[in-house]
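J.: just a sequence and a predicted model for now, questions to come.
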Amino acid sequence: MKMTKNIKRWFVKTSPARLLVVGFGLVMLIGGFLLWLPISRNPGTEVSFFDSLFEAVSAVCVTGLTVVPVGQTYNFFGRLVLAVLIQIGGMGIVLLGIGLILLAGGKLGFKTRSLFIQAQNLMGYSEILKMARKILWVMFGIELAGALLCWPIFMENYDPWSALGFACFHSISAFNNAGFDILGGYDSLTMYADNIPMVTVTSFLVISGGFGFIALIDLFKQKFHWRSLLLNTKIVIVMTLSLLIGGTIIFKLTTDQTWLEAWFQSVIARTAGFATYPLANFSHSAILIFTILMFIGASPNSTGGGVKTTTVFVAAVKAFSSSAEHDEDSVFYRRIPDLVFSKAFVVLFFGMFVVLCGSFLVMIGNPQADMDQVLVEVTSAFATVGSSMGLTPDLSFFSKAVIMICMFIGRLGPVTIANLLVTGSEKAARYTEENVLIG
């Protein structure tokens with residue numbers, strides 16, 4: 001009884017950011033323990049607890065980086081654990097809790113609402129319960145549709161029940177932008193490189209998951225009427241189309257891929273992690289573009305990672321408007337608040353800081369690795385993409401720990417982690433303002 005009271009007291013006093021970190025951390029530890037147990041693995045396979053923890057962190061962070069061949073290592077129970085971890089990671093701890101509360105007919109307290117706002121990157125408390133319901137319906141509806149569409153595709157190579165299992169896992173993995181596959185080895189979807197239905201369905205799932213729940217709901221609510229859409233939705237649409245089309249053209253011009261393969265690489269570069277073409281075969285210019293796309297990532301309030309499309313858009317608007325004669329900071333006939341610009345530059349700074357520091361540390365742990373490999377690996381971890389040039393299984397213990405930290409930061413968001421490091425109350429003193437030369 002006393003322990004229960006202490007837990008409740010700690011829950012009330014602890015900030016939403018710390019609760020998110022603790023929640024995700026506990027799920028990762030439990031998941032790592034379950035994956036480490038013999039009941040999760042195929043006979044004759046051995047996986048250390050640290051590697052099992054790596055797989056769990058990668059699943060909860062919806063990244064997809066693996067140190068073991070998932071399809072060959074884990075049995076039905078292990079794959080089920082991975083699927084649940086991916087689903088929790090995509091939904092978020094808080095959204096999962098809200099879903100359970102709704103099923104039980106309970107009410108949302110102030111603390112739960114604060115956590116939901118923090119986890120889903122929202123701006124206020126208005127209609128949180130209705131928004132949570134819509135997100136849950138959208139998520140499970142699209143995943144169900146994806147599984148039904150993938151089922152006949154997998155039945156071409158597997159028996160009906162095995163194909164159904166593959167279809168369900170693939171749909172969850174794709175919509176949540178996780179990039180895990182259970183087909184065996186590290187080949188991902190290379191066997192389906194020319195399969196137009198598979199590429200189409202997977203692209204739909206990945207783009208839907210990375211589009212952002214708020215933007216998706218707004219799009220359908222306004223019946224795709226451009227003028228009625230929120231500014232956030234318009235920016236998401238413009239950035240998503242620009243990055244998809246631009247990436248496809250660049251990958252086609254800089255590699256020997258087909259148009260279908262180039263399209264798929266452009267889709268998965270922004271946080272999905274599947275592959276129909278080996279990343280190790282990319283040219284240096286293509287790897288650079290791929291890394292940039294990974295760093296940008298998906299859109300806010302989505303299952304994807306990265307610094308987000310709106311962040312890059314807003315930073316670009318500020319950069320161009322500040323250099324123009326009239327500094328209006330407006331787009332699509334709407335003015336963007338100064339606070340949004342500040343947040344965008346903070347996210348970009350911390351994102352680049354994590355990638356650069358992570359790359360430096362991994363190069364210390366794996367001095368034999370090429371810089372291209374390390375930069376792709378760390379950016380993939382931070383942006384929760386899961387794409388790799390084959391370096392992951394060969395990483396040292398130290399480098400794996402660095403990659404796990406990068407995945408954790410990327411899933412929670414660099415600003416959330418930075419807020420945890422800020423202690424103390426606001427200073428009462430205000431100092432004299434003085435100019436600083438820039439550029």
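T.: That came through fine. Numbering: from 1, shown residues only.

J.: from now on I want contacts and neighbour counts done on CA atoms only, so please keep to that.
T.: Will do.

J.: after the strand or helix carrying Val312 comes which helix or strand?
T.: Take DSSP states H and E as the rule and Val312 turns out to sit in helix 309-323. Once helix 309-323 ends, the next helix or strand along the chain (criterion: DSSP H and E) is strand 330-331.

J.: and the helix holding Val312, what's buried?
T.: Neighbour-count burial for helix 309-323, counted by 16 or more other CA atoms under 10 Å, picks out Thr309, Thr310, Thr311, Val312, Phe313, Val314, Ala315, Val317, Lys318.

J.: so for the first one, what's the pLDDT?
T.: It refers to Thr309. Thr309 is assigned a pLDDT of 92 by the prediction.

J.: ok, now the fourth one?
T.: Each residue has a pLDDT score; the one for Val312 is 92.

J.: doesn't Lys343 make contact with it?
T.: No. With contact defined as CA atoms under 8 Å, Val312 does not reach Lys343; the gap is 11.1 Å.

J.: I'd like the buried residues of helix 309-323 written out as a markdown table, with distance to Lys400 added.
T.: Formatted as a markdown table, the buried residues of helix 309-323 follow (distance: CA to CA, whole Å):
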| residue | distance to Lys400 |
| --- | --- |
| Thr309 | 28 |
| Thr310 | 30 |
| Thr311 | 28 |
| Val312 | 29 |
| Phe313 | 32 |
| Val314 | 33 |
| Ala315 | 32 |
| Val317 | 37 |
| Lys318 | 37 |
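
J.: out of the residues you listed, flag the one nearest to Thr303.
T.: Among the buried residues of helix 309-323, Thr309 lies closest to Thr303 (CA to CA), at 13.2 Å.

J.: now do the helices in the stretch 1-150 of the chain.
T.: In the stretch 1-150 of the chain, the helices defined using DSSP state H, counting those that start in this stretch lie at 2-13, 16-36, 49-60, 70-73, 76-91, 93-103, 110-120, 128-154.

J.: then the stretch 251-400 of the chain?
T.: All helices of the stretch 251-400 of the chain, identified by DSSP H, counting those that start in this stretch, fall at 259-268, 284-296, 309-323, 338-365, 371-382, 397-412.

J.: buried sites along the longest one?
T.: In terms of neighbour count (16+ other CA under 10 Å), helix 338-365 has its buried residues at 341, 344-345, 347-348, 350-352, 354-355, 358-363, 365.

J.: cool, stretch 68-83 as well?
T.: Val68, Pro69, Val70, Gly71, Thr73, Tyr74, Asn75, Gly78, Arg79, Val81, Leu82, Ala83.

J.: stretch 232-241 now?
T.: Applying 16+ other CA under 10 Å to stretch 232-241 flags Thr233, Lys234, Ile235, Val236, Ile237, Met239, Thr240 as buried.

J.: so which of those residues are in helices?
T.: Mapping the buried residues of stretch 232-241 onto helices (DSSP state H) picks out Thr233, Lys234, Ile235, Val236, Ile237, Met239, Thr240.

J.: return the closest of the residues you listed with respect to Ser208.
T.: Thr240 (10.7 Å).

J.: and the one helix or strand Val206 maps to, C-alpha only, in PDB?
T.: Here Val206 sits within helix 196-211, counting by DSSP H and E. Provided in PDB are the C-alpha atoms of helix 196-211 (Å, rounded to 0.1, in the frame of the first residue of the first chain):
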ATOM      1  CA  ILE A 196       4.900  -3.600 -58.200                       C
ATOM      2  CA  PRO A 197       2.100  -4.500 -55.800                       C
ATOM      3  CA  MET A 198       4.500  -5.000 -52.900                       C
ATOM      4  CA  VAL A 199       6.400  -1.800 -53.600                       C
ATOM      5  CA  THR A 200       3.100   0.100 -54.000                       C
ATOM      6  CA  VAL A 201       1.400  -1.200 -50.800                       C
ATOM      7  CA  THR A 202       4.600  -0.800 -48.700                       C
ATOM      8  CA  SER A 203       5.100   2.700 -50.000                       C
ATOM      9  CA  PHE A 204       1.500   3.600 -49.100                       C
ATOM     10  CA  LEU A 205       2.000   2.200 -45.600                       C
ATOM     11  CA  VAL A 206       5.300   4.000 -45.100                       C
ATOM     12  CA  ILE A 207       4.100   7.400 -46.400                       C
ATOM     13  CA  SER A 208       0.800   7.200 -44.400                       C
ATOM     14  CA  GLY A 209       2.700   6.400 -41.200                       C
ATOM     15  CA  GLY A 210       5.200   9.200 -41.800                       C
ATOM     16  CA  PHE A 211       2.600  11.800 -43.000                       C
END
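
J.: packing partners of the very next helix or strand once past that helix?
T.: As assigned by DSSP H and E, the chain's next helix or strand after helix 196-211 is helix 213-221. Judged by 3 or more CA pairs under 8 Å, 6 or more residues apart in numbering; DSSP states H and E, the packing partners of helix 213-221 are helix 128-154, helix 231-254.

J.: state the mean pLDDT of helix 213-221.
T.: pLDDT averaged over helix 213-221 gives 85.

J.: next: stretch 45-55.
T.: Averaged over stretch 45-55, pLDDT sits at 91.

J.: can you check stretch 76-88 too?
T.: Per-residue pLDDT over stretch 76-88 has a mean of 92.

J.: mind listing residues that contact that stretch?
T.: Here stretch 76-88 makes contact (CA atoms under 8 Å, 6 or more residues apart in numbering) with 27-28, 31, 34-35, 39-41, 56, 59-62, 96, 169, 172-173, 176, 178, 182.

J.: at 7 Å what do you get?
T.: Stretch 76-88 is contacted from outside by Gly31, Leu35, Ser40, Arg41, Ala59, Val60, Val62, Leu96, Phe169, Ile172, Ser173, Ala178, using CA atoms under 7 Å, 6 or more residues apart in numbering.

J.: give me the distance between it and the centre of its chain.
T.: 17 Å (CA atoms, centre = their mean, to the nearest Å).

J.: now the angle from the helix holding Val206 to helix 309-323?
T.: Computed by axes from the mean of the first three to the mean of the last three CA atoms, to 10 degrees, the angle separating helix 196-211 from helix 309-323 equals 60 degrees.

J.: flag every buried residue along helix 196-211.
T.: Residues of helix 196-211 classed as buried by neighbour count (16+ other CA under 10 Å): 198-199, 201-211.

J.: those: which two are farthest apart?
T.: Once CA to CA is applied, the buried residues of helix 196-211 give Met198 and Phe211 as the farthest pair, at 19.6 Å.

J.: returning to that earlier point: mind putting the buried residues of helix 196-211 in CSV, distance to Gly89 included?
T.: CSV is the format used below for the buried residues of helix 196-211 (distance: CA to CA, whole Å):
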residue, distance to Gly89
Met198, 24
Val199, 24
Val201, 21
Thr202, 19
Ser203, 20
Phe204, 20
Leu205, 16
Val206, 15
Ile207, 17
Ser208, 16
Gly209, 12
Gly210, 13
Phe211, 16
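
J.: nothing else from me, thank you.
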